[in-house]
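A.B. asks: what's the 3D shape of this:
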Amino acid sequence: MRIWHQSLTVLADLPAYEARMRAHVRKVVRPDTEVVLHGMLPGTYPGNYPGDDIAFRFLFTMHSSQWAVHALNAEAAGFDAFAMGTLPDPLLTELRTLVDIPVVGCGETCFHLATMLGQRFGMLLFIDRMAQRYLEQIEGHGLARHCVGVQAAGFGFNDVLEAFDKPGPLIDRFRAAARRLIDAGADVIIPGEIPLNVLLASEGVCRVDDVPLIDSLGVTLKMAEMRVDLKATSGLAPSRRGWSNAAPPRERVKAVLDFYGLGRYLVSKEKP
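C.D. replies: Numbering: from 1, shown residues only. Prediction:
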């Protein structure tokens, strides 16, 4: 099985994060599963921190348009699944209409799994302005009544990167923030965003007191494996009925991508 992992970061700009992620991926997936990490196009952001852009709805939406190309390239290259390695799930519904391989949303997977592990969940994140995005996703999945809130962790992206070399102090700060969320009623916590998740998971931090932390990268890849298995064994695949699910003509998709200048990034013009 081959899974295309797609990050919202330009991975080449973040070697320490990529190295941690590669190591964690190998612990999570089955021995016969190959996960190939992919980042955004070089130069997508003004620096190595996506949050300066994606904290604004318009810029997040514009950058999300790349994901159509990434998903089409994954299918053209023969990957079995497209795993979205970011909690805000850019164009999740739309991508499922473009390709026939499973498209697995990280946020969607984490939010639903949280309701299977406890009664009420919360999120801790370091891009504070993204809280509204996550609350809208949770509402869209019909899970708002299970969510106690989305709160700032109290530190930033650069703090997380620095903690890859010295994790102890930041983990202590995270635990303090988690306990505040627990006091607010959370019995499951989703650490956001993925760099923080990778740091905690790779350091073996999977609970705060009696409350589980969801390994968002890990559960997304395991969901991808399951979706591939289910498609192979039972033919399970997304609906193609209705405006949100119907697959647009592939030639028109290519023409529209060409019109907006994205077609040049397609690695293949033909579906395998």
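A.B. asks: CA atoms for contacts and neighbours, from now on please.
C.D. replies: Fine.
A.B. asks: Give the helix, strand or coil label for Ile3.
C.D. replies: Counting by DSSP: H, G, I helix; E, B strand; the rest coil, the backbone at Ile3 sits in strand.
A.B. asks: Enumerate every residue touching it.
C.D. replies: Counting by C-alpha atoms under 8 Å, 6 or more residues apart in numbering, Ile3 makes contact with Thr33, Glu34, Val35, Val36, Phe79, Asp80, Ala81, Phe82, Ala83, Leu221, Ala224.
A.B. asks: CA atoms only: put stretch 169-180 into PDB for me.
C.D. replies: Output of stretch 169-180 as PDB, limited to C-alpha atoms (Å, rounded to 0.1, in the frame of the first residue of the first chain):
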ATOM      1  CA  PRO A 169       9.900  22.800  28.900                       C
ATOM      2  CA  LEU A 170       7.400  23.100  26.100                       C
ATOM      3  CA  ILE A 171       5.700  19.800  27.000                       C
ATOM      4  CA  ASP A 172       5.300  21.200  30.600                       C
ATOM      5  CA  ARG A 173       3.600  24.300  29.100                       C
ATOM      6  CA  PHE A 174       1.400  22.100  27.000                       C
ATOM      7  CA  ARG A 175       0.400  20.000  30.000                       C
ATOM      8  CA  ALA A 176      -0.600  23.200  31.900                       C
ATOM      9  CA  ALA A 177      -2.700  24.400  29.000                       C
ATOM     10  CA  ALA A 178      -4.300  20.900  28.700                       C
ATOM     11  CA  ARG A 179      -5.300  20.900  32.400                       C
ATOM     12  CA  ARG A 180      -7.100  24.200  31.900                       C
END
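A.B. asks: Check the offset of that stretch from the chain's centre.
C.D. replies: Relative to the chain's own centre, stretch 169-180 is displaced by 22 Å; criterion: C-alpha atoms, centre = their mean, to the nearest Å.
A.B. asks: mind listing what's buried in stretch 55-72?
C.D. replies: Neighbour counts over stretch 55-72 (16 or more other C-alpha atoms under 10 Å) mark Ala55, Phe60, His63, Ser64, Gln66, Trp67, Ala68, Val69, His70, Ala71, Leu72 as buried.
A.B. asks: Could you dump those residues into JSON lines and include secondary structure, pLDDT and distance to Gly168?
C.D. replies: What follows is the buried residues of stretch 55-72, written out as JSON lines (DSSP: H, G, I helix; E, B strand; the rest coil; pLDDT from 0 to 100; distance: C-alpha to C-alpha, whole Å):
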{"residue": "Ala55", "secondary structure": "coil", "pLDDT": "90", "distance to Gly168": "27"}
{"residue": "Phe60", "secondary structure": "helix", "pLDDT": "95", "distance to Gly168": "32"}
{"residue": "His63", "secondary structure": "helix", "pLDDT": "96", "distance to Gly168": "34"}
{"residue": "Ser64", "secondary structure": "helix", "pLDDT": "96", "distance to Gly168": "34"}
{"residue": "Gln66", "secondary structure": "helix", "pLDDT": "96", "distance to Gly168": "36"}
{"residue": "Trp67", "secondary structure": "helix", "pLDDT": "97", "distance to Gly168": "35"}
{"residue": "Ala68", "secondary structure": "helix", "pLDDT": "97", "distance to Gly168": "39"}
{"residue": "Val69", "secondary structure": "helix", "pLDDT": "97", "distance to Gly168": "39"}
{"residue": "His70", "secondary structure": "helix", "pLDDT": "97", "distance to Gly168": "36"}
{"residue": "Ala71", "secondary structure": "helix", "pLDDT": "98", "distance to Gly168": "37"}
{"residue": "Leu72", "secondary structure": "helix", "pLDDT": "97", "distance to Gly168": "40"}
